Each structure stands twice: as C-alpha cells, then as structure tokens.
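In: Only the shape, not the letters, is given here:
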DNA sequence: CCGGCGTCTTTTATCGTTATTAGACATTCG
DNA sequence: CGAATGTCTAATAACGATAAAAGACGCCGG
C-alpha cells in the first residue's frame, strides 16, 4: 500500500451530509473551501458520488438524485490517518500501564503490533518526542521516560508559568478585543453545563480545552501555544483513561473556571493570578491522584482500543 | 544507498588517535564504552585497522604495527550523519536570507538540492518543527514562519521566564552540590578568556552555552532543558553567521556573566534575578540587531557552505 | 564464575517507489 | 472578464527493502 485515501473518505463522508433534495451542491471551489481539501479531492468525491448513484453531475450542475443512507458512508476506521491510529495505539500502551519507565521502545515492534510500516512509526515517534515522554540517542533505541509523577510536576511547573503570563496578557487586552466576548460565551457555556452537570459532565473536557486555549492565545507566543498542545494531548488521553470521580471532579473544575473568569473580568492582576493558581493546583492534584492507580478498568480499556486486548 | 557507515568512520578516526607504539589497545568492551559505539562497530573498526596494516589483532592481543598518518583518516565530510548535513544546509538557507517569511518549503526540492532522499528531509523537518520556525498542516506543504524579530521576542520572553526560574532553583542548591564547584570552574574560564579576549574571543560561544546550560540544569525540568536546546541551536548558527562586532559583544557578555555569577553566589534572589535579566536583555538586543541585517558577508557564507554559493 | 571474545538475531537509518493530494495553468461559460 | 471547470504537473504520505549498528547468547580461559 502507498498513500491511503483517508482524506478522500473523510471528505466524502462529510460531503454526504451536505446533500439535500431541494438544493444542489455549490461550486467545486466553494466545496473545496468548505471541506478544507483541494479541488482535486473534491472532484474525486463528486465522481464517486456519481458512481454511487447519488448525484447527477455535469459541469456546473450538480443534481442530487437520492439522499445518502448509512451504507453510503465509509466506516470511521477508514477515515483516520495512519498517524492518528499510531498515536492512539501508542497512548493506549502507555496509559494501560503495560509499559513502565525505562522500557525500550522498538520501532519495528510497534510497527508490527499496530500493523503499519516502520517509517510511519518512526515519524510518529519523532513528532511525539517533543512531549518529553520518550527519548532516544543517535543510533540507539527509544526509551520510555514515562508518564510519571515527575513528569506531571514538571509539566505543571511550566504550565503555571505560562498560564499566569497569558493571564496577564489577557487582562491587558483592550475592552473591545474579541477575546472578551469569546470569554463571555465560554462563561455562559460553563453555566449551562453546570446546570445539567448530572447528564452532561462528559462535555467538560472539550470546554476545558477551549477555555484554556482562549487564555493562552492572548500570550501571542508560539512557544506558549505550542506547549499548550502538550497539555492538551495529555489531558485528552488522561480523560479517556481515568473516569474515577469524573462528575464531581468536573463540577469542581467548572466552578473554579467561573471564579477564574470573574478574576479576569475584574482586570485585577492579583485576583486573576490567584484564581488561576488555585485552579491549576487542583488540576495538578487530579492528574497526580490518577497517576497513582495506573491501570484503568478493563471496561475503559476495551472501549478505547479493542485490537490490543486480545 | 542504504544506512551509511558514518558512525563506523567516526569511530575509526577516533580510534586512530588512541594508537601508540608502546601500549596495546584495551578490550573490545572497553573500546566500545570509550568510543560510545557498540562492540559490533568496534570489531569493524579493528578489522579495518588490520586491513590497513595498522594493527596485529588476534583475540585479546592488539599490537600496533605502525602509527597512523593523515591519509589513514576518513575525511570529515564522510563522518557527518545525513541529518546533520541536512540541518546545516537548511540553516544556511534560512540565515542567508534567500528565503523569506511565508515561503513554501518543498521536501522534494530540499532533498534534490542537498542530495539526500525525501524521507531524510521529511524526518528532519518534523524534528526541526519544534523550534517554531517552520510549520505545516496535514497534507500540505511546510511554510517558513521565519527567523524574524517576532520570533526572537517570543523566544526571549520564554527564555527569561525559564532562566529566572532556573536561577532561583540554582540558588536553593545546597552548598555542597557539585553545581557550585562547576560554577567556580566556569567563572575561572571566563576570567581567563577575558584576559586573552583579543585572540580567543571566538571561544566564547561554547563557554556561553555551557554556562547557561549549567544554570538551567538546576531547574530539573525537562521542558526547560528542552527549550534550552532551541536557544542553543539558534545561537549556534547565529554566531556562525553574524560576526559583526563579535569581539566587543563577547567581551561585554563575559562581564555580564561574571556579575551574574556573583549574584548567584551571593544567594540573593533579587540580585541574581536582576543580573540575569540584565544579561538576557542585552543578549536579546544582540540578536535583534543582527536580524536587521540578514545577509551575511560573502566571506562568511563561503566558509560555511561552499556548495551552495556556485 | 566473570570478564572477554565469537557468532547470530534484531533493530535502526537510510533509500527508492507509488497512489493520493495539492496546486498551477489553460479553457470555457454565463 | 471573472468565476467555474478541465487538465496537467509536482509534491506529499505512505510503503518495503537493505546495509549498518546494536544487542543477545553462549563459550572459553584464568
């Protein structure tokens, strides 16, 4: 196999959602912009839709013949790029506790297990190495430094420095800056989520990410933003693997966020900084607590990555 | 071609330096440790030395037959790993001013120019991307964000945060910690260099790096240390490309370092922080000034990378 | 038995190749 | 004549293959 057409499949699925009997599809250029792929790919999608009997397409005219059914969609598993498949498989390995600090990581081994080429794994590891969890020396194997307490502490040390810096930058933003209205919207979302916390507590992680990202954006510093990518990745997987006390944990975090927002709006440096610190300390505590019990329930494990359990 | 034997050549050259008529070579294991390569490579080196008529080798006995001459060494150009070749070529491109912000970077193009495979370039770019100078989106080309004033300011913003944090950590080190004696040694080196500044000013960049690295080590934080790699890389190339006013610039920096060291030794947080800040501000100024005149003299350009000038 | 060596297996660093995708230019249509 | 389409070229994202290098295992001599 060579370059897989996951992008095509993803665009195809996404385009199926745009079909309706009453409106015809927009121009190729427009579609290209909306689907965020090149026109070449758009044309492949359109051709495939014609072949599937969904569309009559000639020049500018794009008449929908029938609406898509479930069977018209490509399965999710085929729309993931190889790199994201590797990422998930790799994180599953680390977080499942099957690997411990100091373990060797073999490119060849990983590639075999996941079923991809060594080059793909290699590129992934290089990209992943910036997260500070793995390391390698020239001509030698990778070593797992581990997702340990130490790691979490170092991570939060930097996170605190950066987030406080961003907080200051945020407060200095002029009153008419769009970030302030964005903050209001996010605050409203927090309140709405808090109302329905019993049923919707799972939505928090996504909101959490958007909230902190908004704040970090004020820093206008590529290194700070890049560092938030690490945080974000860690929490993304951490949330998936550790569900213990999730509802309560999220409720507390939402309340902290709300106070933090108030601090920002008050434009008081010391209040904002204080409330930011408070929140980060409890976030750190959450992460540390969950590291003490590294093996997640088999139920969670199964949901995340069936292939590796057998 | 496949995996090149640059490592072998490097080890061979390095091993040639260990030959002497009166002593025989140590055990394979010992050699392996000293040359920092595997025993397999050591054995290749020994075999090659026998073939070159330098050595009589049977089991534990390794008798030197003749001393190596210049012709026995592999040329430097053959001992560089592909990745470092790419790095140099790429940095030369960026710093020469031939590329400007927003330019597309083509993997294929670079590979052709440098004369290596696309995969090698690709891996390099991935590794290099953590420096924040280039960027790419999925399925699209790389873009040069540029080695600009903005970049330098963002870099120094983070550098200052980190270095001050490290300074604090350094001061808190117990008096018997080896870092204090290391600091004393480095201080002495600074004084020696200052004495002979007229002739030895070129030695400063290496000393500078060791000095700051020593301080950052106190932070015990992988993200801070990793960030210093970026600084270090930037300065490494920057020093090579911008020689204007180098002697005076280095003299000033040495004096700042000396005051900075005094601040550390006084264990006074505010003094150390103040002197650290002072030094970083002037370091930033140096970098900014040199960014204003991006094209280096042709003399320098020639020395750094002859191949690209023609 | 323990450091050192001989031999063998596994893994990495590089390459070249190919389908997919992006992007550029020419052409057509309203 | 500008936006949309048709066509073509070039670049990227994968793959597998191969020589170099690492690492493992067993043997041997003191």
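Out: Structure received. These numbers come from a predicted model, not from an experiment.
In: List the backbone torsions phi and psi for residue A:135.
Out: Dihedral pair for residue A:135: phi -160, psi 150, per degrees, to the nearest 10.
In: Identify the residues contacting it.
Out: Residue A:135 is in contact with A:129, A:142-143, A:145, counting by C-beta atoms under 8 Å, 6 or more residues apart in numbering or on different chains. For the C-beta atoms, the positions are set from N, CA and C on the backbone; glycine is no exception.
In: Highest neighbour count among those residues?
Out: Each of those was scored by neighbour count (other C-beta atoms under 10 Å in any protein chain shown); the top score is that of residue A:142, with 21 neighbours.
In: before we move on, back to that, overlap between the contacts of residue A:135 and the residues near DNA strand D?
Out: Of the entries in the contacts of residue A:135, none also sits close to DNA strand D under the rule C-beta under 7 Å from any atom of the strand.
In: Just these: which are in strands?
Out: Among those, the members falling in strands are A:142-143 (criterion: DSSP state E).
In: what's the neighbour count on residue A:172?
Out: 11.
In: How much space separates it from residue B:161?
Out: Between residue A:172 and residue B:161 the distance, using C-beta to C-beta, to the nearest Å, works out to 17 Å.
In: Could you do residue A:139 as well?
Out: Using C-beta to C-beta, which is the criterion applied here, residue A:139 is 35 Å from residue B:161.
In: And the two? Which one has more around it.
Out: Relative neighbour count places residue B:161 above the other of residue A:139 and residue B:161, with 19 against 13, counting by other C-beta under 10 Å.
In: quick one: pLDDT of residue A:296?
Out: The predicted local confidence for residue A:296 comes out at a pLDDT of 47.
In: same thing with residue A:197?
Out: At residue A:197 the predicted local distance difference test score is 92.
In: Packing partners of the strand or helix carrying residue A:247?
Out: For residue A:247, the enclosing helix or strand under DSSP states H and E is helix A:246-265. Judged by 3 or more C-beta pairs under 8 Å, 6 or more residues apart in numbering or on different chains; DSSP states H and E, helix A:246-265 is in contact with helix A:149-171, helix A:178-195, helix A:197-200, helix A:204-217, helix A:269-291.
In: Roughly how far does the closest residue to residue A:251 other than its chain neighbours sit from residue B:180?
Out: Nearest non-adjacent residue to residue A:251, counting by C-beta to C-beta, 6 or more residues apart in numbering or on different chains: residue A:197, 5.3 Å away. Shown here: residue A:197 relative to residue B:180, a distance of 53 Å by C-beta to C-beta.
In: Show me chain A divided up by domain.
Out: The record assigns chain A these domain ranges, following automatic domain parsing: A:6-77, A:82-146, A:149-291.
In: Format these as JSON lines; extra columns: distance to residue B:116.
Out: Formatted as JSON lines, the entries for these read as follows, by distance: least, C-beta to C-beta, whole Å:
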{"stretch": "domain A:6-77", "distance to residue B:116": "27"}
{"stretch": "domain A:82-146", "distance to residue B:116": "15"}
{"stretch": "domain A:149-291", "distance to residue B:116": "27"}
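In: Would you agree residue A:53 falls within a helix?
Out: No. Counting by DSSP: H, G, I helix; E, B strand; the rest coil, one finds residue A:53 to be coil, located in no helix.
In: and it, what does it touch?
Out: For residue A:53, the contact set (C-beta under 8 Å, 6+ apart) comprises A:65-66.
In: Look up phi and psi at it.
Out: As for residue A:53, its main-chain torsions (degrees, to the nearest 10) stand at phi 70, psi 20.
In: same question, residue A:220
Out: When quoted as degrees, to the nearest 10, the phi and psi of residue A:220 stand at phi 60, psi 30.
In: Low-confidence stretches in the stretch 201-310 of chain A?
Out: A:293-310 (pLDDT under 70).
In: Near chain B, which residues of it are found?
Out: Proximity of the stretch 201-310 of chain A to chain B is assessed by C-beta under 8 Å from any C-beta of the partner chain, with A:220-224, A:226-227 identified as the residues in range.
In: Which one of these is nearest to DNA strand D?
Out: When these are compared for distance to DNA strand D (C-beta to the nearest atom of the strand), residue A:226 comes out closest, at 18.7 Å.
In: buried set for the helix or strand harbouring that closest one?
Out: Secondary structure here is read from DSSP H and E; on that basis residue A:226 sits in helix A:222-241. When burial is assessed from 16 or more other C-beta atoms under 10 Å in any protein chain shown, helix A:222-241 yields the following buried residues: A:222-228, A:230-231, A:234-235, A:237-241.
In: Report the contact partners of residue A:277.
Out: A:160, A:164.
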